[in-house]
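Asks: need coordinates for the below:
(one chain, ligands or ions: 1)
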Amino acid sequence: MTPAAHALAAIEVLDEIAARPRPAAEALKDWGRSHRFAGSGDRARIASLVYDALRARASLAWRMGDDSGRALTLGALVFTRGAAPDALSVAFAESAHAPAPLTEGERSAIAGASLDGAPAHVRGDYPEWLDAPLARVFGEDRAAEGAALAQRAPLDLRVNLLKGDRAKAERALSHLKPAPTPLSPWGLRVPLSDDGRGPPVQAEPAFLKGLVEVQDEGSQLAALIAAAGPGLQVVDLCAGAGGKTLALAAAMGNRGQLYAYDADIRRLAPLQQRAERAGVRNLQTRAPKGEADVLADLAGRADLVLVDAPCTGTGTWRRNPDAKWRMRPAALELRNAEQDEVLERAAGLVKPGGRLVYVTCSLLAEENEDRVAAFRARHPEFAPVPAVEAAVGAGAAPLAAHATASGAELLLIPRRDGTDGFFVATLRRA
Ligand SMILES: C[S@@+](CC[C@H](N)C(=O)[O-])C[C@H]1O[C@@H](n2cnc3c(N)ncnc32)[C@H](O)[C@@H]1O
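Replies: Numbering: from 1, shown residues only. As a prediction, the model looks like this:
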């Protein structure tokens, strides 16, 4: 397929999502099924263009004066990728399967495009109803923070210390030109292609042998700050597929006991195989079993309970750009209830003197500081560990610079830190 044919396909997929709202990944899969001639490389290029358009949907629609799939695709090609309108028209005219060349109206929209006077939610590419929650956290910077969340996400790897060090992984992957991540001592960042696609790292021997895992630098730092050390009893209460579980395991050096639990047994399914690949030998997974409390034996015994809470994922919009447009206020309320519930469960597992580390990949205070404050009101036996102390305790003193204004928690912000957005609060039980 030609680049022009990729553009035509992106237009079709974007129009399809607008007509029948659903996750972009599903719409892309359906497109692939009904266009069998498209190879995996073509599908990846189409997906990359669709995601570029979705990340900046509001600002592209504003600049183009139109929110159709065609306008968004042209906008992404011109404003995100730097294509010249003339060159696009030529390429479209030369290809059999291509969008129509640019109209005069489109050319003049592009020539006169400006975000001057656009409201913050358009400049920041987020849903209008989130303007107040984001203003609460970022004030006048909310549009700039939103715009940073509308950039492409990098491809980060975490080096698994159970299998080697960062230098070894860098050598093994030298053909991909990885560079150490700025903040995480475990991280390598792999450059993307010009159109935003990453190399297939999951097919690399270094990945297959467990030397590296794919994990955003922010997620690595959230696990790092939890300071799971050798010999501890650690519970990862919302383990999911185990992204942070594996990082905790590496920090423990296979000494002590790590328990991974998730309310959804299906999410835990990949963990066993991932742990084997990573050489983890001190992990027990506990899945729900009907009414039974499968964590009852751990009550009051854990040195550390990590709560990587279910959240709206506003910090990961760079990776899930369509999720931000599908997010509704009711989802925030539901997540808040789940966060309170899982914190309650965690409280009962922490031993006196032990720590509860609460993490979200959200930037919203409703899911972050508010949940911690509500928890502390219910549980005065838990006291906050200041971010400086938590960072030093984790051997990551420079992270103290990322403390929130109160100094009580850490907040990683894509615009400043280049990571996904993450919030980390550490609480110690008296
Ligand atoms: C942010 S995700 C976890 C991601 C995972 N820790 C990682 O690093 O890859 C949150 C998880 O919490 C789980 N969850 C939701 N409610 C829960 C509850 N009450 N108890 C335990 N897990 C819960 C969800 O199934 C989901 O897998």
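
Asks: show me what the top helix by length along the chain is packed up against.
Replies: Using DSSP state H to define each element, the chain has its longest helix at helix 329-347. The contact analysis (3 or more Cβ pairs under 8 Å, 6 or more residues apart in numbering; DSSP states H and E) places helix 329-347 against strand 302-308, strand 350-360, helix 369-378. (Each C-beta comes from the backbone N, C-alpha and C, glycine too.)

Asks: go through that helix and flag the buried ones.
Replies: Within helix 329-347, the residues that qualify as buried by neighbour count (16 or more other Cβ atoms under 10 Å) are 332, 335-336, 338-339, 342-343, 345-347.

Asks: also stretch 18-27?
Replies: By 16+ other Cβ under 10 Å, the buried positions in stretch 18-27 come out as 24, 27.

Asks: quote the end-to-end distance of that stretch.
Replies: Criterion Cα to Cα, to the nearest Å; first-to-last residue distance in stretch 18-27 is 10 Å.

Asks: identify the residues contacting whatever residue of the stretch 151-300 of the chain ends up closest to the ligand.
Replies: Nearest residue of the stretch 151-300 of the chain to the ligand: residue 243, at 2.8 Å (Cβ to the nearest ligand atom). Neighbour list for residue 243: 213, 215, 219 [criterion: Cβ atoms under 8 Å, 6 or more residues apart in numbering].

Asks: quick check on the first one: phi, psi?
Replies: In terms of degrees, to the nearest 10, the main-chain angles of residue 213 are phi -130, psi 150.

Asks: list the beta-bridge partners for the residue lying closest to it once chain neighbours are set aside.
Replies: Leaving aside its chain neighbours, residue 213 sits nearest to residue 158 (5.0 Å; criterion: Cβ to Cβ, 6 or more residues apart in numbering). Per DSSP bridges, the residues bridged to residue 158 are residue 187, residue 213.

Asks: what's the neighbour count on residue 158?
Replies: Residue 158 has 28 neighbours, counted by other Cβ atoms under 10 Å.

Asks: out of the buried residues of helix 329-347, which is nearest to residue 59?
Replies: Closest approach to residue 59 among the buried residues of helix 329-347 (Cβ to Cβ): residue 332, at 23.2 Å.

Asks: show me the contact partners of stretch 119-128.
Replies: The contact list for stretch 119-128, computed with Cβ under 8 Å, 6+ apart, reads 55-59, 62, 115, 130-131, 134-135, 142-147, 149-150, 317, 324-325, 327.

Asks: how about a markdown table for the buried residues of helix 329-347, with distance to residue 196 and pLDDT added?
Replies: Converted to a markdown table, the buried residues of helix 329-347 look like this (distance: Cβ to Cβ, whole Å; pLDDT from 0 to 100):
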| residue | distance to residue 196 | pLDDT |
| --- | --- | --- |
| 332 | 29 | 96 |
| 335 | 29 | 98 |
| 336 | 33 | 98 |
| 338 | 32 | 98 |
| 339 | 32 | 98 |
| 342 | 34 | 98 |
| 343 | 37 | 98 |
| 345 | 39 | 98 |
| 346 | 37 | 98 |
| 347 | 42 | 98 |
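
Asks: will you turn the residues you listed into CSV that also has distance to the ligand?
Replies: Converted to CSV, the buried residues of helix 329-347 look like this (distance: Cβ to the nearest ligand atom, whole Å):
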residue, distance to the ligand
332, 15
335, 9
336, 12
338, 5
339, 9
342, 4
343, 9
345, 6
346, 9
347, 13
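
Asks: which regions of the chain lie under the pLDDT threshold?
Replies: In the predicted model, the chain carries no residue with pLDDT under 70.

Asks: buried residues, stretch 386-405. List them.
Replies: For stretch 386-405, the buried set under the neighbour-count rule, 16+ other Cβ under 10 Å, comprises 386-387, 390-391, 393-394, 396, 399-400, 402-404.

Asks: now, among the residues you listed, which is nearest to residue 77?
Replies: residue 402 (35.5 Å).

Asks: so which residues on the stretch 201-350 of the chain come close to the ligand?
Replies: Residues of the stretch 201-350 of the chain lying close to the ligand by Cβ under 6 Å from any ligand atom are 219, 237-244, 262-264, 267, 308, 310, 338, 341-342.

Asks: show the buried residues in these.
Replies: Buried subset of those (neighbour count, 16+ other Cβ under 10 Å): 219, 237-244, 262-263, 308, 310, 338, 342.

Asks: distance of the closest residue to residue 272 other than its chain neighbours relative to residue 245?
Replies: Of all residues not flanking residue 272 in the chain, residue 285 sits nearest, at 6.6 Å (Cβ to Cβ, 6+ apart). Here the criterion is Cβ to Cβ, to the nearest Å. By it, residue 285 lies 9 Å from residue 245.

Asks: next one: residue 39
Replies: From residue 39 to residue 245 the distance is 35 Å (Cβ to Cβ).

Asks: between these two, who's got more neighbours?
Replies: Ranked by neighbour count (other Cβ under 10 Å), residue 39 and residue 245 place residue 245 first, with 31 against 11.

Asks: helix, strand, or coil at residue 234?
Replies: With DSSP: H, G, I helix; E, B strand; the rest coil as the basis, residue 234 sits in strand.

Asks: list the contacts of it.
Replies: Taking Cβ under 8 Å, 6+ apart, one finds 228, 248, 252, 256-259, 302-306 in contact with residue 234.

Asks: from what I see, residue 182 and residue 419 are in contact.
Replies: No: taking Cβ atoms under 8 Å as the definition, residue 182 is not a contact partner of residue 419, at 9.0 Å.
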